[in-house]
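Structure of the sequence below:
(chains A and B)
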Amino acid sequence: MSDHATDNDSGDGGASPPPSAVYFDGLSNRRHVVSLAFNDGLEIHEDDGTLARWSYADIRRVDSPAGILRVTCLAAPALARLEIRDAGAAEHMTSRCPKMDENLADRRGIAAIIAWSLAAAISIIAVVLWGVPLAADRLTPLVPQSLERRLGDVADSQVKTVFGGKVCDHAPGQAAFTKLVNAVRESAGLDTSVQSAVMSNPIPNAFALPGGKVYVFDGLLAKADNADEIAGILAHELGHLSHRDSTRNLIYNGGTSFLVGLLFGDVIGSGALIFASRSLLTASYSREAEQNADTFSSM
Amino acid sequence: MNEMKWTPLGPPSPSPLPPPLSVPVAFSGDRGEFFRLVRRGAALEFVTLGFYRFWLVTDIRRHLWSNTQIDGDAAEYTGRGKELLIGFLFALAILVPIYLLYFLAGLEAERHQAFAGLPLIAFFYLLGQFAIYRARRYRLTRTVWRGVRFWMDGSGWSYAGRATLWGLLTVSTLGLALPWREAALERHKMRHSWYGDLQGRFEGQGLEFFKQGWWLWLLAPVAIVVFPLAPFFYAAFKAVQWRWWLSGIRFGGVQLESTLRRGALHGLYWKVIGWALLLSTVFGLYVFGCTMLVANVSGATFEQTIGPSGISQSIPVLILTAIGYLALALALGVVTRLYLMRDLWVRVLASTTVRNIAAAANVSSRGTPASALGEGFADGLDVAGF
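Numbering: from 1, shown residues only, chains lettered A, B, ... in the order given. Predicted coordinates for the structure are as follows:
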């Protein structure tokens, strides 16, 4: 078949070969079986009429199955298509159209995608490392106490649901505990909005909620040798309160997980990956908060 | 310019034979080429930390579309990766304030009762359905056959409302209403789908789907208990669903028909499961190896390594694990795309015939390309689509 492409005229043969060029004008889906004339421009003929005349510089390759050359023309309707199934004719066409492959993604296009992606990734990491902690530090004092207390209420009801919600109310113990808390609180210079309670739970732990709630698990009380140890822990937790660490953490964690999620998108719904990278990034940050709380408690 | 002329030989157009009543749908793509495409895509996703996904999904569609031939002419996908990226950024700009509002509304609700914020997730279901409709519209308007595009009208919110109500009904009937949900939603989508000036419609009936698959619904509790059976059931369900869906599609007088066997997809799902098990095992060994290596270098004992604050939590191990996890996920992506996109596509197409294609012989072009916002939402909300 390839020799037909260079034939000046179709003089030989009475056998009818399969039609080798098919044209769709982009306005209707009628299938035109056409003949091509390579003159100053590409001429597309059907029977006796000329359907279209395309300038070689405007012809662009589009997707096609293997073995078919499919092109369009910038000056034609957007979906006008010419399909050449004859290898020789396709080769002839390719050699005449200098900008045929200009639309296709090449190595430079992919290099640009990689470069921009890495730039985006680096800027996101930089924002997470320096921008978000700074924003958290600056925003925390702006969060009104009322909103913080509201956050604390939410956390409070969740904590109570998770840990069974049993607050110890043994009167003498409660009185001694309140006395201890007040002593620590006054020496720390915090106001009376601080509330604290002992929760019935064997885990030796204590934590501060935003808005001024401090919980101590009775597992910790059982483990402590004397009141001073408890006072030390309370001072540490009040340090968190005084620095408004839970609010800062909330802003920091929210911002970080949003940005890291942005970075990875849904490569594969990579929740675990996001979690891992977040714990990496937040580890250093919370270590600093713990140190600050310790410094506060020793003052 | 030297004058050259190239014409097909013989009489220009021999009087065409009457077109056959039904024509098969052919797929001409090379499997090795598709594999190289997704492997290279996964490598680029690794390098770009996932940003390449927009271009990869575009390349996959271009390959699948342009090798799908109906009545001798191949389709074409005209979407581009950059459009998907822009759609994603737009969707993000809309989703971020919504997430913030969601957070604040959840806070208010939680004040009154712990975990009362959970029903707000229903809102994201609605948004996800909106995304599905709009993403379908984007893909359809990028689908071209014989120089004429497919397109869609209708409102994404109207679809999302229907889908959500049908979803509630399906949940409250323990899945029994699913066939009728599928039929109603498909009727809605197809009524708003066009090929040029040829309007689509869906003729599948919920009852028909139910008749073909009711035993799966009965056996579903068994699959929950004896979970190795679940892939069999799921593969059978998907095969029944594909067959029913394709056989209901109409565009004007053109009808589609599928003869997909019920067992046609079992092999594909089991191959994916086999690969997933193998790759997870390799990942497990890799993490163990990394932990031991770091422990060796730092000279810690076994107890120090495994303990709650031991080496297994240290930063080098976490970084190595994250890299391994990313590689695992991307390898799973290659496997899934090869079997559940390409091979599934080929099997489903091989079962499909088009009847009365002559009814689509002279269709006028209509419709314009839709924006990729829906695809962006679908990406941001993690709702699936081709």
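
show me what contacts A:G219?
Applying C-beta atoms under 8 Å, 6 or more residues apart in numbering or on different chains to A:G219 gives the contacts A:201-205. Backbone N, C-alpha and C define where each C-beta goes, glycine included.

Next up, identify which helix or strand it is on.
Using DSSP states H and E, A:G219 falls within helix A:218-223.

Only C-alpha atoms, please: export that helix in CSV.
Taking only C-alpha atoms (Å, rounded to 0.1, in the frame of the first residue of the first chain), the coordinates of helix A:218-223 have been written out as CSV:
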residue,chain,number,x,y,z
ASP,A,218,-6.6,8.5,90.4
GLY,A,219,-4.2,5.9,88.9
LEU,A,220,-1.6,8.7,89.2
LEU,A,221,-2.6,9.6,92.8
ALA,A,222,-2.1,5.9,93.7
LYS,A,223,1.3,5.9,92.2
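
before we move on, the earlier item: columns distance to chain B and neighbour count on top of the contacts of A:G219, output as a markdown table?
Below are those laid out as a markdown table (distance: C-beta to the nearest C-beta, whole Å; neighbours: other C-beta atoms under 10 Å in any protein chain shown):
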| residue | distance to chain B | neighbour count |
| --- | --- | --- |
| A:N201 | 17 | 18 |
| A:P202 | 17 | 11 |
| A:I203 | 13 | 11 |
| A:P204 | 14 | 15 |
| A:N205 | 14 | 14 |
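
Measure how far the helix holding A:G219 is from the centre of its chain, please.
Here the centre of helix A:218-223 is set off from its chain's centre by 43 Å, with C-alpha atoms, centre = their mean, to the nearest Å.

buried set for it?
Residues of helix A:218-223 classed as buried by neighbour count (16 or more other C-beta atoms under 10 Å in any protein chain shown): A:218-221.

show me the contacts for the residue in the stretch 51-200 of chain B that chain A sits nearest to.
Nearest to chain A, among the residues of the stretch 51-200 of chain B, is B:G147, at 3.0 Å (C-beta to the nearest C-beta). Residues touching B:G147, when contacts are defined by C-beta under 8 Å, 6+ apart, comprise A:24-29, A:79-81, B:365.

burial of residue 217, as a residue count?
If you meant another chain, say so; for now it's chain A. 20 (other C-beta atoms under 10 Å in any protein chain shown).

you looked at the wrong chain, it should be chain B
A count of neighbours around B:W217, defined by other C-beta under 10 Å, yields 16.

contact partners of the helix or strand in which it is found?
For B:W217, the element it lies in under DSSP H and E is helix B:206-225. Applying C-beta under 8 Å, 6+ apart, the contact partners of helix B:206-225 are B:175-176, B:178-184, B:229-230, B:232-233, B:236-237, B:240-241, B:243-244.

which residues touch the closest residue to B:G81 other than its chain neighbours?
Of all residues beyond its chain neighbours, the one nearest B:G81 is B:W55 (3.5 Å), with distances taken as C-beta to C-beta, 6 or more residues apart in numbering or on different chains. With contacts taken as C-beta under 8 Å, 6+ apart, B:W55 has the following neighbours: A:105, A:110, A:113, B:41, B:44, B:81.

ok, those vs B:V282, which is closest?
B:G41 (20.7 Å; C-beta to C-beta).

picking up where we left off before, what about burial for the contacts of helix B:206-225, which qualify?
Judged by neighbour count, with buriedness set by 16+ other C-beta under 10 Å, the buried members of the contacts of helix B:206-225 are B:178-184, B:230, B:232-233, B:236-237, B:240-241, B:243-244.

Where is pLDDT lowest across the residues you listed?
Within these, pLDDT reaches its minimum at B:A230, with 85.
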